[in-house]
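>>> Okay, here's the prediction I keep looking at, along with the sequence it came from:
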There are 2 protein chains.
Amino acid sequence: MLPKRTKYAIKALMALAKNYKEYRPLKISEIAESEKIPRKFLEAILLQLRHEGIVDSKMGARGGYLLIKHPEEVMLSTIIRCTGGPIALLPCVSLNFYESCNECPYEETCGLRDVVLEVREASIKILSKTSLTDILRRESKLIKKHS
Amino acid sequence: MLPKRTKYAIKALMALAKNYKEYRPLKISEIAESEKIPRKFLEAILLQLRHEGIVDSKMGARGGYLLIKHPEEVMLSTIIRCTGGPIALLPCVSLNFYESCNECPYEETCGLRDVVLEVREASIKILSKTSLTDILRRESKLIKKHS
DNA sequence: TTATATCCTACTAATTAAGTAGTATATTTA
DNA sequence: TAAATATACTACTTAATTAGTAGGATATAA
């Protein structure tokens, strides 16, 4: 499961994506309110996303956050990785949280690892081709479908 | 990520699968040793697998555990579900750990949920067609390949 | 110069997962 | 039938991770 931190990050970035064409940066408190994310927690998350080079910020009055790249270029896999969400089912096939199974003598011949590797590939295939824009597009399709 | 509990369960069941054609049940301590799983923890896991109807046990001297079904019929998805390993990336698309996102007004129109649903389908597709026998087969293929 | 925001470090609280203890119960075998 | 051998089962303890908060420092606009 993805941590809440990651889900909040995605939601916040979607809010910034919607706002991308505006001049005005979005304030933490605005995002927190519209996305129902605890204010202070969101602050910490956005700070991290800035350090990762995904968003930019303006300090002081009228300050706030902005996307640094076009929302078409911000991939779900990137957001997940930056906020510490593991994609792999086991550490032995995780790129970002790799850890060897101490009970496996040779991991290249582990059958379980082989399956779990396949699952990871399948997941990454989807997540790394899905951008913020794609998610917003899916959203409007779904809204049409359900109205 | 899958909990260790789940990984241990899979490894233990693989040991039982290898032993499937023998008359003799495997003792907890034998499995614990060969798979390097903490003895008492494994005891709790096997007990649960018995309650779930995946293994059977014989008490007393010469007792131990046996697979109840043919290893070809024991699917990875079943083991994961039984031992509490979540497959979905978010609770709102999880069959066994479902929980609604309180920040989503309508989950049917959530774009993120839509993507994460697709990831879950892709994962389940693999996990629900992979049996214990399949894992063992992969293992011998890998051993050949690496020798 | 005041009001408004982010920056940043350092906490605390809550939850979940991992692992253990110890006694009761069942079965084999001598 | 008694001793040895295993599992059954309940109830803990400990460790690790995640979620969330506090509060002062710093920068900017008007």
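Structure received.
>>> rest of the way, CA atoms for contacts and neighbours
Noted.
>>> Need the contact partners of stretch A:27-37.
Around stretch A:27-37, the neighbours that count as contacts under C-alpha atoms under 8 Å, 6 or more residues apart in numbering or on different chains are A:8, A:11-12, A:15, A:38-39, A:42-43, A:62-65, B:103.
>>> Now that stretch: buried residues?
Using 16 or more other C-alpha atoms under 10 Å in any protein chain shown as the test for burial, stretch A:27-37 gives A:Lys27, A:Ile28, A:Ser29, A:Ile31, A:Ala32, A:Glu35, A:Lys36, A:Ile37.
>>> how about it against DNA strand C, any contact?
Yes. Part of stretch A:27-37 sits near DNA strand C under the criterion C-alpha under 7 Å from any atom of the strand, namely A:Lys27, A:Ile28, A:Ser29.
>>> Roughly how far does the second one sit from B:Pro91?
Distance of A:Ile28 to B:Pro91, computed by C-alpha to C-alpha, to the nearest Å: 25 Å.
>>> The most centrally placed residue in chain A: what secondary structure?
By C-alpha atoms, centre = their mean, the mean C-alpha position of chain A lies nearest to A:Ile79, the distance being 2.6 Å. The three-state label given to A:Ile79 by DSSP: H, G, I helix; E, B strand; the rest coil is helix.
>>> pretty sure it is touching A:Arg5, no?
No. Applying C-alpha atoms under 8 Å as the test, A:Ile79 and A:Arg5 come out as separate, 10.4 Å apart.
>>> quick revisit: from the residues of stretch A:27-37 next to DNA strand C, which single one is nearest B:Lys141?
Proximity of the residues of stretch A:27-37 next to DNA strand C to B:Lys141, judged by C-alpha to C-alpha, is greatest for A:Ile28, which lies at 53.2 Å.
>>> The closest one and A:Pro38, how far apart?
Applying C-alpha to C-alpha to A:Ile28 and A:Pro38 gives a distance of 10 Å.
>>> now A:Leu76
From A:Leu76 to A:Pro38 the distance is 22 Å (C-alpha to C-alpha).
>>> These two: which has the busier surroundings?
A direct count of neighbours by other C-alpha atoms under 10 Å in any protein chain shown for A:Leu76 and A:Pro38 places A:Leu76 higher, at 23 against 13.
>>> Write out the residues of chain A neighbouring DNA strand D.
A:3-5, A:38-41, A:44, A:58-63.
>>> Name the member of those residues with the most neighbours.
Comparing the residues of chain A next to DNA strand D by number of neighbours (other C-alpha under 10 Å), A:Arg5 comes first, having 17 neighbours.
>>> about what we covered before: with adjacent residues omitted, what lies nearest to the residue nearest to the centre of chain A?
In space, A:Ile79 comes closest to A:Ile10 once its chain neighbours are excluded; the distance is 6.8 Å by C-alpha to C-alpha, 6 or more residues apart in numbering or on different chains.
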